[in-house]
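A.B. asks: output the structure for:
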Amino acid sequence: MKPARRRFTAIAALFAIVGALLGYGVAQPTPAQALSGSDFDPGYIISDQMFFDSGSMAWTDVQNFFNSAEPRCAMANGIPCLRYYTLTTFSRAANAQCGAYQGGPSEPAAVVVAKVAQACGISPKVLIVLLEKEQGLVSAGSPYARQYEAATGYACPDTAPCDSQYYGFYNQVYKAAWQFKEYTIHASDWRYKIGNNAIQYHPNAACGAPVVNVRNQATANLYNYTPYQPNAAALANLGGTGDSCSSYGNRNFWVFYNNWFGSPTYSDVGSPVGNLDVLQAVPGGVRVAGWAFDPDTTASIPVHVYINGVGYPILASNDRPDVGATWPSVGSAHGFDATLPPTGSGPQTVCVYGINIAPPGQNKLFTCQTVPGLTGSPIGVVDRMAAVGGKLTVAGWVYDPDTAASTKVAIYVDSAGYMFDAALDRADFAAAYPGYGPKHGYDQTVPIGPGSHQVCVYGIEIAGTGANQLITCRTVTSYSGSPMGALDVVSSSPGVYNVGGWTFDPDTSASTPVHIYVDGTGVAATADQPRSDIAALFPGYGANHGFNVSVPAQPGVHNVCAYGINIVAPGDNVQLGCRQVAGMSGSPVGVVDSVVVGPGGTVTASGWTYDPDTTQPIPVHMYIDTAGAAFTADKSRPDVGAVYPAYGANHGYTVSSTAGPGQHTVCLYGINIGPGSNQLLGCRVITI
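C.D. replies: The predicted structure follows:
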């Protein structure tokens with residue numbers, strides 16, 4: 001049953017009561033000795049009301065707290081402490097877990113914490129404690145880079161390295177808050193839930209996993225984020241270590257919160273329990289669905305929903321067998337599902353309270369979240385805008401919040417306008433705005449001439465309560481004509497020149513040929529290797545326009561040139577660049593280190609040799625007068641490898657032959673296997 005929609009004002013005083021109870025501002029630290037491990041309740045670490053109170057501190061309160069938390073703040077290795085730390089943040093669109101975050105340059109850490117708290121509906125006090133619990137960042141007078149990279153420990157599992165894609169203070173704070181909301185919104189998808197849970201003391205399962213009756217969602221969130229409970233040894237020494245089975249994350253969260261902000265549970269015992277399962281933008285309204293009950297009675301209780309400050313009463317009396325199965329003592333008549341009108345246009349902040357009807361306890365804030373505008377002018381994004389070969393492609397999504405019907409998008413190139421239906425399937429849009437369905441995407445191509453143009457995209461109003469809305473205007477440069485590109489590098493390695501760079505024909509996104517000339521001799525290749533830097537500079541052309549070509553080297557200095565080949569008219573082939581380079585090629589190089597006469601007329605020669613055209617060992621021939629013998633110069637010579645690192649060390653030789661009594665001439669030759677000729681390495685006269 002959906003209750004009749006009617007606004008009311010009697011509960012408006014609730015906000016003032018809640019504010020007085022929370023005591024906005026920075027709490028004075030409580031001495032650590034006031035805490036006792038016996039006070040720690042593993043099933044109720046922090047109340048939902050304290051956990052989700054996103055307004056408990058303004059950014060100035062957060063800044064003042066950082067200022068007082070570490071007065072000895074110093075700069076270490078160029079890294080400021082938290083109170084002086086600033087960073088540039090980027091904007092994030094609203095999603096199912098968090099509202100939009102408007103990025104900005106040089107935002108103080110305190111501003112980031114407060115803005116994320118507001119966007120995601122998580123208490124800034126919780127985020128501050130998390131920064132200390134995970135990296136000791138709040139109290140770090142001389143922090144190091146790692147503390148900011150993994151500030152909240154997000155994506156840092158106990159059994160594997162941190163995932164570097166989530167590094168950075170802003171990413172870490174946002175994703176931690178996002179994750180807490182994800183645990184809340186999809187509570188049934190995660191390991192720890194309200195009710196009885198076996199929770200380990202330590203990653204070592206042999207330490208035990210006693211059952212804990214988790215009594216609220218906030219406590220479940222902490223266990224999902226840090227999945228261990230403190231054992232008796234950890235609780236017996238709140239300021240230190242316990243034993244080999246002790247874990248400290250959730251203990252430390254409780255200790256830091258108590259010391260800095262007072263009790264995290266204060267008077268929440270007996271207050272309503274519940275969850276918002278669905279918060280969904282639907283045409284012209286907001287759908288809210290979930291469950292709530294007062295643990296002190298089986299009666300259905302009111303749920304009060306505020307939308308941008310305007311309140312609506314709902315009776316949580318729908319049948320929810322899952323609730324009754326989990327809490328049989330209260331029964332199943334505790335569900336709610338209602339669609340409520342928005343308050344004005346633009347984003348809607350939705351706060352849901354469970355109303356306490358039996359002592360003890362008090363009214364309970366379940367969540368505050370922001371959903372996008374639900375009425376008024378169209379809303380949309382441009383995902384892709386790129387010009388290739390005289391055609392401009394524009395893709396994205398747009399919808400009119402007053403209707404689930406597909407709307408239209410208008411694309412202007414300078415003063416030339418084109419109108420299209422925005423009706424393509426966009427599953428990602430439907431997931432974020434399930435009440436509107438998927439048919440709000442567009443992916444259109446319009447003509448664009450060479451040069452720079454102003455491209456503007458508009459969402460077209462169709463439901464009558466708003467106006468056509470500018471989504472974005474961007475300057476787009478359209479390229480045409482001869483190939484573009486660059487010769488980045490020409491280097492020598494044994495027997496070859498390595499030639500690298502990039503090129504593409506601006507009239508197509510296809511990979512194009514590249515020709516490499518050594519003096520007047522050409523080699524054809526294709527510039528089809530990934531170059532993400534080129535894709536970023538020239539959106540629309542893709543990344544596969546790099547080349548790295550090896551061509552045969554010749555002895556001496558040569559002119560190496562690269563040409564981009566035109567494949568779509570108009571245009572001509574273009575020289576990308578030329579370099580002069582000395583080839584690592586030619587006749588063998590080497591020395592004779594020694595020639596020694598041994599017993600029985602044995603003659604042993606040692607030295608090294610290599611052919612510049614290859615890294616492979618080459619033959620070496622030893623002649624005693626006119627009698628020759630063939631060997632391979634493949635012995636390890638680290639000294640040769642150090643001087644000629646491109647060739648490696650395996651170019652030494654120690655070879656032996658025999659001769660009769662008398663005087664002899666011993667000569668060693670390196671045998672050529674590429675361009676060049678056999679090379680005399682040296683001769684010695686010996687007497688046997």
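
A.B. asks: can you give me the strands in the stretch 501-650 of the chain?
C.D. replies: 512-518, 521-527, 529-530, 544-552, 556-564, 574-583, 589-597, 602-610, 619-624, 627-632, 635-636, 650-658 (DSSP state E, counting those that start in this stretch).

A.B. asks: now do the stretch 101-250 of the chain
C.D. replies: 107-108, 195-198, 211-214.

A.B. asks: walk me through which strands the first one pairs with, and which way each runs.
C.D. replies: Which is strand 107-108. On the basis of DSSP bridges, the sheet neighbours of strand 107-108 come out as strand 86-87 (antiparallel).

A.B. asks: what comes into contact with the partner strand?
C.D. replies: Strand 86-87 is contacted from outside by Pro80, Ser106, Glu107, Pro108, Ala109, Val112, Gly168, Phe169, Tyr170, using Cβ atoms under 8 Å, 6 or more residues apart in numbering. (Each C-beta comes from the backbone N, C-alpha and C, glycine too.)

A.B. asks: what's opposite the closest residue to Leu424 other than its chain neighbours in the beta bridge?
C.D. replies: Distances taken as Cβ to Cβ, 6 or more residues apart in numbering place Gly441 nearest to Leu424, at 3.6 Å, with adjacent residues excluded. The bridge-partner assignment for Gly441, based on DSSP bridges, gives Trp397, Leu424.

A.B. asks: the one 5 residues further on now?
C.D. replies: According to DSSP bridges, Leu392 are recorded as the beta-bridge partners of Val446.

A.B. asks: now do it, the pLDDT please.
C.D. replies: Looking at Val446, its pLDDT reads 97.

A.B. asks: could you do Ile11 as well?
C.D. replies: 25.

A.B. asks: ok, back up a step: mind checking how far the residue nearest to Leu424 is from Ile462?
C.D. replies: 16 Å (Cβ to Cβ, to the nearest Å).

A.B. asks: check Met484 too.
C.D. replies: 42 Å.

A.B. asks: with neighbour numbers in mind, choose between those two.
C.D. replies: Met484 (21 against 16; other Cβ atoms under 10 Å).

A.B. asks: one step back: most neighbours per residue, which of the strands of the stretch 101-250 of the chain?
C.D. replies: strand 107-108 (a mean of 18; mean count of other Cβ atoms under 10 Å).

A.B. asks: sorry, back to before: got JSON lines for the strands of the stretch 101-250 of the chain, with mean pLDDT too?
C.D. replies: Output for the strands of the stretch 101-250 of the chain, formatted as JSON lines (pLDDT from 0 to 100):
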{"stretch": "strand 107-108", "mean pLDDT": "94"}
{"stretch": "strand 195-198", "mean pLDDT": "92"}
{"stretch": "strand 211-214", "mean pLDDT": "93"}
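
A.B. asks: report the contact partners of Ile45.
C.D. replies: Ile45 neighbours (Cβ under 8 Å, 6+ apart): Ala218, Thr219, Leu222, Asn250, Phe253, Trp254, Pro264, Thr265.

A.B. asks: where does it land on pLDDT?
C.D. replies: Looking at Ile45, the pLDDT reads 96.

A.B. asks: over to Tyr436?
C.D. replies: 89.

A.B. asks: how near is it to Ser532?
C.D. replies: Taking Cβ to Cβ, one finds Tyr436 at 34 Å from Ser532.

A.B. asks: those two - which one has more neighbours?
C.D. replies: Set Tyr436 next to Ser532 and count neighbours by other Cβ under 10 Å: Tyr436 wins out with 22 against 9.

A.B. asks: quick one: contacts for that one?
C.D. replies: By Cβ under 8 Å, 6+ apart, Tyr436 lies in contact with Ala281, Val282, Pro283, Tyr399, Ala404, Phe429, Ala430.

A.B. asks: so which of those residues sit within helices?
C.D. replies: Secondary structure from DSSP state H places Phe429, Ala430 of the contacts of Tyr436 in helices.

A.B. asks: other SSEs contacting the host helix or strand of Thr475?
C.D. replies: Secondary-structure assignment from DSSP states H and E places Thr475 in strand 469-478. Counting contacts by 3 or more Cβ pairs under 8 Å, 6 or more residues apart in numbering; DSSP states H and E, strand 469-478 is packed against strand 379-388, strand 391-399, strand 451-460.

A.B. asks: same thing but 10 Å
C.D. replies: strand 379-388, strand 391-399, strand 407-413, strand 451-460 (3 or more Cβ pairs under 10 Å, 6 or more residues apart in numbering; DSSP states H and E).

A.B. asks: show me the one of those strands that comes nearest Pro675.
C.D. replies: strand 379-388 (43.7 Å; Cβ to Cβ).

A.B. asks: just checking, what packs against the closest one?
C.D. replies: Using 3+ Cβ pairs under 10 Å, 6+ apart: strand 379-388 touches strand 391-399, strand 407-413, helix 427-432, strand 439-447, strand 451-460, strand 469-478.

A.B. asks: where's Val549 relative to Asn573, distance?
C.D. replies: 16 Å.

A.B. asks: export the helices and strands packed on strand 469-478 as JSON lines, with columns for mean pLDDT, mean neighbour count and distance to Asp189.
C.D. replies: Formatted as JSON lines, the helices and strands packed on strand 469-478 follow (pLDDT from 0 to 100; neighbours: other Cβ atoms under 10 Å; distance: least, Cβ to Cβ, whole Å):
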{"stretch": "strand 379-388", "mean pLDDT": "94", "mean neighbour count": "19", "distance to Asp189": "27"}
{"stretch": "strand 391-399", "mean pLDDT": "96", "mean neighbour count": "22", "distance to Asp189": "26"}
{"stretch": "strand 407-413", "mean pLDDT": "97", "mean neighbour count": "21", "distance to Asp189": "33"}
{"stretch": "strand 451-460", "mean pLDDT": "96", "mean neighbour count": "18", "distance to Asp189": "34"}
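
A.B. asks: wait, which of those strands is closest to Pro124?
C.D. replies: The nearest among these, by Cβ to Cβ, is strand 379-388 at 28.2 Å.

A.B. asks: ok, back up a step: ok, Val549 and Asn573, which is more surrounded?
C.D. replies: Counted by other Cβ under 10 Å, Val549 and Asn573 do not tie: Val549 has more neighbours, with 20 against 14.

A.B. asks: put together CSV for the contacts of strand 86-87, with distance to Asn318 on each row.
C.D. replies: Listed next are those as CSV, based on distance: Cβ to Cβ, whole Å:
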residue, distance to Asn318
Pro80, 53
Ser106, 49
Glu107, 43
Pro108, 45
Ala109, 44
Val112, 40
Gly168, 43
Phe169, 43
Tyr170, 40
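
A.B. asks: closest to Val568 among these?
C.D. replies: Distances from Val568 to the contacts of strand 86-87, taken by Cβ to Cβ, are shortest for Gly168, at 41.9 Å.

A.B. asks: do I have it right that that closest one meets Ala151?
C.D. replies: Yes. Gly168 is within contact range of Ala151, at 8.1 Å (criterion: Cβ atoms under 10 Å).

A.B. asks: so what's the residue nearest the centre of the chain up against?
C.D. replies: The centroid of the chain falls nearest to Gln165 when counting by Cα atoms, centre = their mean (3.3 Å). Contact analysis of Gln165 by Cβ atoms under 10 Å, 6 or more residues apart in numbering lists Ala155, Asn171.

A.B. asks: would you mind measuring from it to Asn171?
C.D. replies: 8 Å.

A.B. asks: which residues are in contact with each of the two?
C.D. replies: Ala155.

A.B. asks: ok, now which ones touch the closest residue in space to Gln616 that isn't next to it in sequence?
C.D. replies: Once flanking residues are discounted, Gln616 sits nearest to Ile673: 7.9 Å by Cβ to Cβ, 6+ apart. Ile673 makes contacts with Gly495, Pro588, Asp611, Asp613, Thr614, Gln616, Ile618, Pro619, as judged by Cβ under 10 Å, 6+ apart.
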